[in-house]
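1. Provided below for reference: sequence and predicted model.
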Amino acid sequence: MNIRPVLTYIVLLLLCISSESFSAETEWKLFLNTSNSSPIITATTSENEEFIINNTDVSGISGSEDILEALEGTKFVQSPPVNGSLTIHIILNVQGNSFQSINGKALSLNMNIEAFVDGNKIENLPLTMTIPAGDGLDYLLGLSGCNRSDIVFAYYFGGELDNSGIETLSKVQGIVVNINSLSTIVGGKNSVLGFPER
C-alpha cells in the first residue's frame, strides 16, 4: 500500500480544518453612546480588509452629524485573524457635535471598543485606526485645541489615563493609532491629558 496519498489527504484535511477554525469575516457595528441602541453603521469585512466609516451607510442619527462627517473615511483594520466568529463594536461617546469630556478635559475623540468571539467578550485585540488628513481631522483636532504634532491617544480606565500599549503616529495620510487593549480610548492634547510632548 502506498502511504503517500493517505498522508497527503490527512495533511490537506488538517489544513482545511485549521483554516476554517479562524474567522474569515469580521462584523463591525458603529454606535452612538451605547451598544444597547441600534447601530448606525454595520458592515462585514474579510480577513485583513479595512472597515471604513462611510456616512452614506449611516442610519437613524440626529445631533452628531458633524462628528460623523469628520470621521468619514476613518479606517479600522484588525489583524491577525481570531479563532471563531468575530464581532467588533465601536461606540462613539458623543454629546451633540463634540465628544464627552473626561475629568473636564475637552477631547478630539472618545470611544469604546468591544470585541466578541463566538459571543464571548475579549479584552485584547490588535487594531489599527487611521483618521485621514483633511477637513475632518482638522475639525476633530479643533475640538481639543490641538494639532497633529501634539495629539495623543490613551486608554481611560477607572478615572485614569494610560498611554502605554497604544501608539499615536502623525503620518502623511493622517493620524494612525495602534491599539492593543479594548476599552475606552480617548484622544486630545498631550499637555492637557498630562502626557509629555512627543
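-> Right, received. Where do you want to start?

2. where in this protein is pLDDT low?
-> Counting by pLDDT under 70, the low-confidence segments of the chain come to 1-24, 35-36, 57, 59-62, 198.

3. What segments of it are helices?
-> Counting by DSSP state H, the chain has these helices, from start to end: 3-21, 65-70, 135-143, 190-193.

4. Distance from the chain centre to stretch 70-78, please.
-> Taking C-alpha atoms, centre = their mean, to the nearest Å, one finds the center of stretch 70-78 at 8 Å from the center of the full chain.

5. and the end-to-end length of that stretch?
-> 22 Å (C-alpha to C-alpha, to the nearest Å).

6. Repeat that for stretch 94-103.
-> Between the opening and closing residues of stretch 94-103 we find a distance of 15 Å, counting by C-alpha to C-alpha.

7. Distance from that stretch to the middle of the chain?
-> Taking the mean C-alpha point of stretch 94-103 and that of its whole chain, the gap between them comes to 18 Å (C-alpha atoms, centre = their mean).

8. Identify the residues contacting it?
-> By C-beta atoms under 8 Å, 6 or more residues apart in numbering, the surrounding residues in contact with stretch 94-103 are 32-33, 63-67, 92-93, 106-110, 143, 156, 159, 161, 186. Every residue, glycine included, has its C-beta placed from N, CA and C.

9. what comes up buried for that stretch?
-> Residues of stretch 94-103 classed as buried under the neighbour-count rule (16 or more other C-beta atoms under 10 Å) are 94, 98-99, 101-102.

10. tell me which of those is nearest to residue 177?
-> Here the nearest of the buried residues of stretch 94-103 to residue 177, counting by C-beta to C-beta, is residue 99; it sits at 14.8 Å.

11. Dig out what the closest one forms beta bridges with.
-> Using DSSP bridges, the bridge partners assigned to residue 99 are residue 94.

12. so how far is residue 56 from it?
-> Summarising the geometry, the distance separating residue 99 from residue 56, computed by C-beta to C-beta, to the nearest Å, is 23 Å.

13. now do residue 158
-> Taken as C-beta to C-beta, the spacing of residue 158 relative to residue 56 amounts to 38 Å.

14. circling back to that earlier point, make CSV out of the buried residues of stretch 94-103 and add distance to residue 74.
-> CSV is the format used below for the buried residues of stretch 94-103 (distance: C-beta to C-beta, whole Å):
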residue, distance to residue 74
94, 14
98, 17
99, 14
101, 21
102, 21
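
15. ok, of the residues you listed, which one's closest to residue 190?
-> The nearest one, if we look at these relative to residue 190 and count by C-beta to C-beta, is residue 102, at 14.7 Å.

16. Residue 53 is in contact with residue 132, correct?
-> No - at 10.1 Å, residue 132 and residue 53 do not qualify as touching, with contact defined as C-beta atoms under 8 Å.

17. any common contacting residues for the two?
-> With C-beta under 8 Å, 6+ apart as the test, residue 132 and residue 53 both reach 73-75.

18. Most neighbours out of those residues, which is it?
-> residue 74 (24 neighbours; other C-beta atoms under 10 Å).
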